[in-house]
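>>> here is the input, now give the coordinates:
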Amino acid sequence: MAGEGSESGEAAGGDDETGGGSADGGTDTDTNPDANTDDLPTDWPSGPYADYDATTVTVRSPEDDELGAVRAAIADTGDKRRLGLSDAPSLPANAGMLFVFPDPRDQLTFIMPDMSFGIDIVYVDAERTITRIHNAPEPGPNEDGSEQEYPGSGQYVLEVPYEWTDRRGVGVGDSLAFSL
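Model (predicted):
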């Protein structure tokens with residue numbers, strides 16, 4: 001998303017971290033609920049994120065059913081978490097950004113500064129279980145997105161295209177699998 005707004009220490013209240021958009025590209029496989037790794041963009045991360053490491057993030061239900069996967073740029077430093085997707089003009093289908101914190105955070109708040117598209121913000125605990133999901137629409141006319149605040153807690157935050165989680169039936173209690 002447009003980044004981290006606040007957190008106990010780094011997002012809400014501590015260092016103001018921001019995230020944002022994403023790069024153009026990818027195919028329109030985002031509406032396919034049966035998407036697999038063959039549907040992941042090969043051109044992401046790109047643009048200002050071209051030097052970011054990337055990982056495949058797979059979402060699984062408690063019954064171990066695969067619900068979807070994205071190729072995610074990894075935001076694992078303060079500067080990368082602050083920037084988030086703010087410099088991206090869009091987010092390719094089945095692409096995302098995985099925010100990685102060194103330790104779990106009790107209070108995180110992500111904001112949408114300089115975002116020109118909507119995203120889903122998925123909070124994930126240290127065991128990689130989803131604890132909260134927000135569908136964050138793009139800021140409206142004459143808004144910069146800084147007033148849009150989305151709270152949660154966890155050690156990871158995954159940002160994916162707007163309503164990606166709804167289309168795939170992803171919910172609280174599902175889990176993420178990825179390598180760092």
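>>> where does pLDDT dip in this structure?
Under the criterion of pLDDT under 70, the regions of the chain flagged as low confidence span 1-38.
>>> show me where this protein has its strands.
4-7, 54-60, 66-75, 95-111, 119-124, 130-136, 149-161, 175-177 (DSSP state E).
>>> just tell me which of those strands ends up closest to E143.
When the strands of the chain are compared for distance to E143 using CB to CB, the nearest one is strand 95-111, at 11.3 Å. Where you see a C-beta, it was placed from the backbone N, CA and C, and this is true even at glycine.
>>> which strands border that closest one, and is each parallel or antiparallel?
The strands beside strand 95-111 in its sheet (DSSP bridges) come out as strand 4-7 (antiparallel), strand 66-75 (parallel), strand 149-161 (antiparallel).
>>> point out the most buried one among those strands.
Per-stretch averages of neighbours, counted by mean count of other CB atoms under 10 Å, single out strand 4-7 among those, with a mean of 26.
>>> might one say that Q155 is in contact with D103?
Yes - the pair Q155 and D103 qualifies as a contact (CB atoms under 8 Å) at a distance of 6.6 Å.
>>> the residue nearest to Y150 when sequence neighbours are not counted and L176, how far apart?
Leaving out its chain neighbours, the residue that sits closest to Y150 by CB to CB, 6 or more residues apart in numbering is H134, at 4.1 Å. Shown here: H134 relative to L176, a distance of 16 Å by CB to CB, to the nearest Å.
>>> what's the answer for R167, then?
17 Å.
>>> more neighbours: those two, which one.
L176 (22 against 17; other CB atoms under 10 Å).
>>> if the more buried one is in a bridge, with which residues?
Under DSSP bridges, the beta-bridge partners of L176 are V59.
>>> any idea how far D65 is from the spatially most central residue of the chain?
Centrality entry for the chain: nearest residue to the mean C-alpha point is E159, 1.2 Å, by CA atoms, centre = their mean. According to CB to CB, E159 stands 23 Å off from D65.
>>> who's in contact with the residue nearest to Y150?
Each residue near H134 by CB atoms under 8 Å, 6 or more residues apart in numbering is listed here: 110, 120-121, 150, 152.
>>> pick the one among those residues closest to L40.
Closest to L40, out of all of those and judged by CB to CB, is D120, at 16.8 Å.
>>> thinking again about what came up before, show me what contacts the residue nearest to the centre of the chain?
By CB under 8 Å, 6+ apart, the contact list for E159 reads 1, 19, 84-85, 91, 96-97, 99, 110, 119-122.
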